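Chemist: Predicted model, plus sequence, below.
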Amino acid sequence: MDDRAAHPSTEPTTPPTTQSATPPAADVTPDGATREPAPDATSGATREPGQGEPATPDQARPLGPWAPLAPDGPERNRLALSVRSLVKVFGSKVAVNGIGLDVPAGSFYGLVGPNGAGKTTTLSMATGLLRPTEGSVLVRGLGVWADPLAAKRTLGVLPDGVRLFDRLTGEQLVTYAGLLRGMDRATVAERVADLMTALDLTADAGTPVVDYSAGMTKKISLAAAMIHAPAVLVLDEPFESVDPVSAANIRQILHSYVDSGGTVIVSSHVMDLVQRMCDHVAVIAAGNVLAAGTVEEVRAGQSLEDRFVAMVGGRTSGEGLSWLHI
Ligand SMILES: Nc1ncnc2c1ncn2[C@@H]1O[C@H](COP(=O)(O)OP(=O)(O)OP(=O)(O)O)[C@@H](O)[C@H]1O
């Protein structure tokens, strides 16, 4: 079944993304607020502890203390994420080469690209985990690097390859993430129980995360990213190592979240999954956006996988490995 058909996006179609010549964002330090951000238990990044009133989980209306963005407002207010001329250089390596992306609010947005394309680097800069060499990022109109505390309040992030406080149990880790977000203990306890059930982790709630399998670790990280019901979820490879039943449950949770007005940005290598699950997609290769828009626009009548291979190239015949043939 086509997941998207069952869960249509709440946002009108937008034209394919174009690069922009917007000048780089100022290299601004946190905005002079009197409170220092607390270390983040789940990602090692800094996050702001104070939050608005926690909301009651309710799939019929927005989950968090954020209002849906007005579909008829100015363009920057209709975008959950807006990336302009983003560059990241590591020594002599240009990992991200002037990327521009517009993610409509209320969309389920896929980011695809070959290994080393720059997806993780882009998402890390978009969520304030990695400082860009150049460029600007707005989350719901708030500058991630100009106004990091305000921008990060609206984000839930599942980073790739970032250490967790894995001596905590799964339950403790997610509880800690909720408390860092300034939520009250009763609400945190309620949501932790809900998340453990939804992600099939209840039986392992008391197990240290260091003893979790790769898939369980992915799921507990996802729970920590969702506990405060953020407006925008940025998930780097959320389905990697996750079993098919858990993956279906997670997809259902994410679709309900999008239906309620939330935005999901997800990176994945599984084209079929992205085609079925997402309503928008961007193809990245060698630090550049090759195509971006609705899934229908980007795949242009082909399967997303065929379109991806045609755009990205790099297929080899496997010749030269004759020694492997038995
Ligand atoms: N800290 C770093 N120092 C040096 N080079 C880096 C660093 N992080 C990433 N790179 C390089 O930047 C490029 C993009 O890496 P990135 O992890 O963003 O790719 P990706 O698209 O997420 O890849 P994959 O699909 O394999 O996860 C790669 O060539 C990588 O080697």
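Modeler: Arrived safely, thanks for sending.
Chemist: What distance do you get for residue 320 to residue 114?
Modeler: Taking Cβ to Cβ, to the nearest Å as the measure, residue 320 falls 20 Å from residue 114. Where you see a C-beta, it was placed from the backbone N, CA and C, and this is true even at glycine.
Chemist: go on, residue 282?
Modeler: Between residue 282 and residue 114 the distance, using Cβ to Cβ, works out to 13 Å.
Chemist: quick one: which of the two has more around it?
Modeler: Each of residue 282 and residue 114 has its neighbours counted (other Cβ atoms under 10 Å); residue 282 has more, 28 against 17.
Chemist: Do whichever strand or helix holds that one and the ligand come into contact?
Modeler: Element membership of residue 282 [criterion: DSSP states H and E] is strand 280-285. No. Applying Cβ under 6 Å from any ligand atom, one finds strand 280-285 separated from the ligand by no less than 6.7 Å.
Chemist: what's that strand packed up against?
Modeler: strand 93-104, strand 108-112, strand 288-294, helix 295-299, helix 304-312 (3 or more Cβ pairs under 8 Å, 6 or more residues apart in numbering; DSSP states H and E).
Chemist: Convert the C-alpha atoms of the third one to CSV, please.
Modeler: So the one you mean is strand 288-294. Extracted as CSV, the C-alpha positions of strand 288-294 are listed here (Å, rounded to 0.1, in the frame of the first residue of the first chain):
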residue,chain,number,x,y,z
ASN,A,288,25.1,19.6,-4.0
VAL,A,289,21.3,19.3,-4.5
LEU,A,290,20.7,17.6,-7.8
ALA,A,291,16.9,17.7,-7.5
ALA,A,292,14.3,18.7,-5.0
GLY,A,293,10.5,19.0,-4.9
THR,A,294,7.6,16.7,-4.4
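Chemist: That one pairs with which strands?
Modeler: strand 280-285 (antiparallel) (DSSP bridges).
Chemist: same deal with the longest one?
Modeler: Strand 93-104 has its sheet partners listed here by DSSP bridges as strand 79-90 (antiparallel).
Chemist: and what of the second one?
Modeler: Strands flanking strand 108-112 in the sheet, each with its direction: strand 263-267 (parallel), strand 280-285 (parallel) (DSSP bridges).
Chemist: Is the ligand within reach of that strand?
Modeler: No. Interface with the ligand: strand 108-112 contributes nothing (Cβ under 6 Å from any ligand atom), its closest point being 8.5 Å away.
Chemist: can you state the direction angle for that strand and helix 304-312?
Modeler: Between strand 108-112 and helix 304-312, the angle comes out at 50 degrees (axes from the mean of the first three to the mean of the last three Cα atoms, to 10 degrees).
Chemist: same thing with the longest one?
Modeler: Between the axis of strand 93-104 and that of helix 304-312 there is an angle of 140 degrees, by the same axes, to 10 degrees.
Chemist: Buried residues, strand 93-104. List them.
Modeler: 94-104 (16 or more other Cβ atoms under 10 Å).
Chemist: The last one now?
Modeler: Neighbour counts using 16+ other Cβ under 10 Å place 304, 307-308, 312 of helix 304-312 among the buried residues.
Chemist: before we move on, what about the fourth one?
Modeler: Buried residues in helix 295-299, defined by neighbour count with 16+ other Cβ under 10 Å: 295, 298-299.
Chemist: my guess is residue 138 contacts residue 81, does it?
Modeler: Yes. Between residue 138 and residue 81 there is a contact under Cβ atoms under 8 Å: 7.2 Å.
Chemist: residues shared between the contacts of the two?
Modeler: When contacts are counted by Cβ atoms under 8 Å, 6 or more residues apart in numbering, the set common to residue 138 and residue 81 is empty.
Chemist: confidence score at residue 268?
Modeler: As predicted, residue 268 sits at a pLDDT of 93.
Chemist: what do you get for the one 3 residues further on?
Modeler: Among the per-residue scores, residue 271 shows a pLDDT of 93.
Chemist: and if you look at residue 285?
Modeler: 95.
Chemist: about what we covered before: among the helices and strands packed on strand 280-285, single out whichever gets nearest to residue 213.
Modeler: The closest of the helices and strands packed on strand 280-285 to residue 213 is strand 108-112. By Cβ to Cβ, the value is 25.3 Å.
Chemist: How about residue 292: which residues does it bridge to?
Modeler: residue 282.
Chemist: And the helices in the stretch 51-200 of the chain, which stretches?
Modeler: 75-78, 119-126, 148-153, 170-180, 185-198 (DSSP state H, counting those that start in this stretch).
Chemist: is it possible to export the ones you listed to CSV including distance to the ligand, mean neighbour count and mean pLDDT?
Modeler: Below are these laid out as CSV (distance: least, Cβ to the nearest ligand atom, whole Å; neighbours: other Cβ atoms under 10 Å; pLDDT from 0 to 100):
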stretch, distance to the ligand, mean neighbour count, mean pLDDT
helix 75-78, 26, 14, 62
helix 119-126, 3, 25, 96
helix 148-153, 20, 22, 92
helix 170-180, 23, 24, 97
helix 185-198, 26, 17, 96
